[in-house]
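# Let me see the structure of the following:
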Amino acid sequence: MPPTHEVLNQPPPLAGYDLYDADPVLAQSLHREGAGWAAEQVRALGVLAGSPEAIAWGEAADANPPVLRTHDRYGRRVDEVEFHPAWHRLLATAVGHGLHAGPWRDPRPGAQVARAAGFYLWTQVEAGHGCPVSMTFAAVPALRTTPELAQAWEPRLTALAYDPVLAPVEAKAGALCGMAMTEKQGGSDVRANTTTAVPAGPGLWLLTGHKWFCSAPMSDAFLVLAQAPEGLSCFLVPRVLPDGARNGFHLQRLKDKLGNRANASAEVELDGATGWLVGEAGRGLTAILEMVNHTRLDCVVGSAALMRQAVAQATHHAAHRSAFGRRLADQPLMANVLADLAVEAEAATMLAMRVAGAFDRAAGDPAEAALRRLATAAAKYWVCKRAPAVAAEALECLGGNGYVEESGMPRLYREAPLNSIWEGAGNINSLDVLRVLARQPDALAALLEEIAPARTADPRLDREAAALERELATAPDPAGARRLVERLAVLLQGALLVRHGHPAVADAFCASRVTGDRGAAFGTLPGGLDLAVIVERATPKAG
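Okay, the predicted model is just below:
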């Protein structure tokens, strides 16, 4: 059929651009938090992340979900997951750039920030493969509590080689590690787990039970919680035993998830699976706590990345499409929406990088360690809660185009709720903040010290900080934990923006988030703000 007309007023694809240079908050945070030495390698990943080739990998991995093969053609149990080649390209790139192990391989100052920046950029291509990357990264400090296990596994878990073949760890160039904690009857209440572990010889245990949700089940090993005679304990359970036999780690089915579709998640049956104790028997939660802290950080970084990509798509569309005689970006109400979204994304990125900096400095600075403990849980709650709202509003900026799969916006929208659920949903992290406030008064002191310089620079922050201090003079009510954590997170974001952000963004944030001069939806910023500058900062310049 002949063409009916020339296609006009449609934006070009957002491809062929440098995600690093298009994100001033990230670049500035990298230098401010002590990782300026990594700028070139992070930029290289940003260039790749914006390339048409990498974007196509992300699209293909999401469009072709993994497939479970429980048995081979002869009826032998194999428990394997087949992935599209694009998944392997994404994961190989992440591993090759050290996103799973950078700070363990080279623990110089700023290493956590450098790794977080790379994770933030590469997550914008496709978020699902970040799950095994994050869990492998977080498993190393847990395994270090048991030196003999760390000696055997850490060289492979930190190698820059992606090796998807199932084999004994000694035969692999690189390995990935997952975790299997939640069960049907307990969910976040892992103390209610019924999986059992019984001694089976020197250093060996046999685990029996069912895990309701196990992400990245194709990994080489898993940290598993089970009830030992001494109480809830943590075990390392490999997929393949040293003699080459498959362990009793059976994949029952893959979950049909809302989003995160490129990544496999499974129900797992442990049928006398061989495991090695991690840490002390009866202290499984202690052994796994450091792993949870690191994966929570990645939830924050991942949600900030998703917000940034949603805003990039929305501002790019509005910069190239016109309506009623003007570019969408120049329409006053659309400019308000775009600026409001950009402010949220900048605040999320700045907070994520600041928390990563606290991870870097925690070992030698008690105040940073205390801030890390409080800010990680607060940021995990708040940033992850904001991601779905940002994704939905950004999708609407594209109108009907945004509701179509080819735009990529539905994938962002489906992915948005995940990080708020993973590693403790909203209530878990809110109550965790209350526990920190009750047990570690130095954590609140560290947070207030972080905010203090901004209080003298902005009276709006000063008033809110004073009000929060008065409220915290008495023990918080658990029923109001979410409200309290939101105020803590917003206050910290505002302080970071006032101290280090662009003046127009800081002003808009304090006017709308700190004083509350806005409506319930995005696009309700008050008058008198420099919206054009905010939108221009957020708009990527595609080649």
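
# Chain neighbours aside, what residue packs nearest to residue 154?
residue 140 (6.0 Å; CB to CB, 6 or more residues apart in numbering). Any C-beta I mention is one placed from the backbone N, CA and C, and that applies to glycine too.

# Which secondary structure state does that neighbour sit in?
Secondary structure, DSSP: H, G, I helix; E, B strand; the rest coil: residue 140 is helix.

# you'd agree it is up against residue 101?
Yes - in terms of CB atoms under 8 Å, residue 140 counts as a neighbour of residue 101; the distance is 7.0 Å.

# what do those two both touch?
157, 158 (CB atoms under 8 Å, 6 or more residues apart in numbering).

# Which residue ranges of the stretch 151-300 of the chain form helices?
284-320 (DSSP state H, counting those that start in this stretch).

# Now do the strands in it.
Taking DSSP state E, counting those that start in this stretch to define them, one finds strands in the stretch 151-300 of the chain at 177-180, 196-199, 204-215, 221-228, 231-238, 249-254, 265-278.

# residues contacting residue 252?
Residue 252 is in contact with 210, 266, 267, 268, 269, counting by CB under 8 Å, 6+ apart.

# Just the buried ones from the residues you listed?
210, 266, 267, 268, 269 (16 or more other CB atoms under 10 Å).

# Pretty sure the third one sits against residue 211.
Yes - using CB under 8 Å, residue 267 is in contact with residue 211, at 6.9 Å.

# which residues are in contact with stretch 471-488?
Residues contacting stretch 471-488 (CB under 8 Å, 6+ apart): 374, 377-378, 381-382, 426-427, 429-431, 433-434, 437-438, 444, 447, 464, 468.

# Oh, that last question was meant for stretch 258-266, not what I typed.
By CB under 8 Å, 6+ apart, stretch 258-266 touches 58, 61-62, 64-66, 68, 81, 83-84, 86-87, 90, 126-129, 131-132, 213-218, 251-255, 257, 411, 413-418.

# What's the end-to-end length of it?
14 Å (CA to CA, to the nearest Å).

# buried stuff in that stretch?
259, 260, 261, 262, 263, 264, 265, 266.

# For the stretch 401-543 of the chain, give me the ranges with low pLDDT.
Along the stretch 401-543 of the chain, segments meeting pLDDT under 70 span 543.

# likewise the chain?
1, 186, 543.

# again, only this time at 80
1-4, 186-190, 290, 542-543 (pLDDT under 80).

# Now the element after the helix or strand harbouring residue 445, going C-ward?
Following DSSP states H and E, one finds residue 445 within helix 441-455. Sequence-wise, the next helix or strand downstream of helix 441-455 (DSSP H and E) is helix 459-471.

# Run the angle between that next one and helix 441-455 for me.
Helix 459-471 runs at 160 degrees relative to helix 441-455, counting by axes from the mean of the first three to the mean of the last three CA atoms, to 10 degrees.

# buried stuff in helix 459-471?
460, 461, 462, 464, 465, 468.

# OK, contacts around the residue nearest to residue 154?
101, 104, 150, 154, 157, 158.

# Kindly report the same for residue 118.
38, 41, 42, 45, 97, 98, 99, 102.

# Please report phi then psi for the residue nearest to residue 173 when sequence neighbours are not counted.
Of all residues not flanking residue 173 in the chain, residue 161 sits nearest, at 3.9 Å (CB to CB, 6+ apart). Backbone torsions for residue 161, taken as degrees, to the nearest 10, come to phi -110, psi 130.

# Count the neighbours of residue 161 for me.
Using other CB atoms under 10 Å, the number of residues around residue 161 comes to 12.

# Is it in contact with residue 174, as I believe?
Yes - contact criterion CB under 8 Å: residue 161 and residue 174 qualify, at 3.8 Å.

# Now list whatever residues contact both of those two.
With CB under 8 Å, 6+ apart, residue 161 and residue 174 have common neighbours residue 95.

# returning to that earlier point: ok, the residue nearest to residue 173 to residue 126 distance?
Remark: distance between residue 161 and residue 126 (CB to CB, to the nearest Å) = 21 Å.

# can you give me the helices in the stretch 301-450 of the chain?
332-361, 366-397, 409-415, 418-421, 426-439, 441-455.
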